[in-house]
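Colleague: Return a 3D structure for these sequence lines:
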Amino acid sequence: MPKPRYTQVSLEATPYYHCISRCVRRAFLCGTDDVTGQNYEHRRQLIEDKLLELAGIFALDVCAYAIMSNHYHVVLHVDKPMAEAWNMKEIITRWHQLFSGNILSQHYLRGDILGKTELKKLHENVALWREHLMDISWFMRVLNESIARQANTEDDCTGRFWEGRFKSQALLDEAALAACMAYVDLNPIRANMAKTPETSDHTSIKERIQKAQTTYSPNHPQQQPSSLLSFAGYPREVMPKGLPFRLSDYLELVDWTGRILRDDKHGSIDSHTPSILERLNIESKHWLYLTQHFESPFKGMVGSVYELKRACQVFKYTRTPGLRSCEKFFT
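Modeller: As a prediction, this is how the structure comes out:
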């Protein structure tokens, strides 16, 4: 039986999560349906645009994404400090970009004077909206609902468009985060939808490469795509917000991995293995497996055994799911 979502997401354990939503109908999410011949390719851009738009409203950062034919992947970072720093007006303004709010919030934005009781009630609403705006479930709900409405209108039908629940995996440490991001970024190459990362449409890796090609300092956070969480460099004492890697190292790693996947060299390891794997303490043979099968070996949480056991204490699990897989791949 699936675990409730609140037992799978905890910011005490990690702010990073890999989410996957799959289409429930035989009809395509994107691409061309071989049976009907109808082309749904335009939906990939709709999903990409909506995904990045919502990330600018929620207290969530997009680390990686890939829009596929009947599903999509996104790696999200929950920015709790940013949400906690928002004042009442900021929260109401953001919430009104998603929903109409209520009479009290509408009066507040118009500058109308509210009584003590009305202000107290509005403060309660705002506290709830603050929680929703840094909630992955609410983010996925708004994203999927908007796409489902458009798709049902196009298909002239009603009913579910997505599976009942999106799948999520908690990424507990740097190694799990890097492996998952590469797995997501290389999805189109594994599916033979693209030959190289820079030609894989509707992916975060293409956005990062295109930006890196036009800047003199690609590793500088301000020279990276503003719509994605920047690479801030390797962990140090004064660490700015961002992914704990250098962009150049990550791009080298993805390019190296993509070449091996594309050439179907599953049994051979290139001698020029990127040094980032040594820092992450992942064997190259395990890395290649992870970037092809990241979803299958893990039961919702991914990372070293130490981080896995620590997270299980946070989630109050009586068992340690995925222990053997984490021991094998993240020693």
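Colleague: For Asn187, which non-adjacent residue is spatially closest?
Modeller: Among residues not flanking Asn187 along the chain, Ala66 sits closest, at 4.1 Å (CB to CB, 6 or more residues apart in numbering). Bear in mind the C-beta positions are built from the backbone N, C-alpha and C, glycine included.
Colleague: so is the one you found in a helix, a strand, or just coil?
Modeller: strand (DSSP: H, G, I helix; E, B strand; the rest coil).
Colleague: separation between Pro188 and Gln224?
Modeller: Pro188 sits 21 Å away from Gln224 when distances are taken as CB to CB, to the nearest Å.
Colleague: Kindly report the same for Leu277.
Modeller: Per CB to CB, Leu277 is found 22 Å from Gln224.
Colleague: now swap in Ser21 and tell me
Modeller: 26 Å.
Colleague: swap in Leu251?
Modeller: On the measure of CB to CB, Leu251 and Gln224 end up 11 Å apart.
Colleague: Now for the two: what residues contact both?
Modeller: Arg208, Ala212 (CB atoms under 8 Å, 6 or more residues apart in numbering).
Colleague: sorry, back to before: ok, Leu277 and Gln224, which is more surrounded?
Modeller: Shown here are Leu277 and Gln224; by other CB atoms under 10 Å, Gln224 has more neighbours (23 against 20).
Colleague: I figured the more buried one hits Gln210, correct?
Modeller: No: look at Gln224 against Gln210 with CB atoms under 8 Å: they stay out of range, at 11.0 Å.
Colleague: Okay, and His77 sits in which element?
Modeller: Assigned by DSSP states H and E, His77 belongs to strand 71-78.
Colleague: So the closest residue in space to Gln169 that isn't next to it in sequence versus Val24, what's the distance?
Modeller: Once flanking residues are discounted, Gln169 sits nearest to His18: 4.3 Å by CB to CB, 6+ apart. Using CB to CB, His18 is found at 20 Å from Val24.
Colleague: More neighbours: which of these two?
Modeller: Ranked by neighbour count (other CB under 10 Å), His18 and Val24 place His18 first, with 27 against 14.
Colleague: Any idea what that one is bridged to?
Modeller: Val75, Gln169 (DSSP bridges).
Colleague: I'd assumed His73 was in contact with it.
Modeller: Yes: in terms of CB under 8 Å, His18 counts as a neighbour of His73; the distance is 7.0 Å.
Colleague: All good on my end, thank you.
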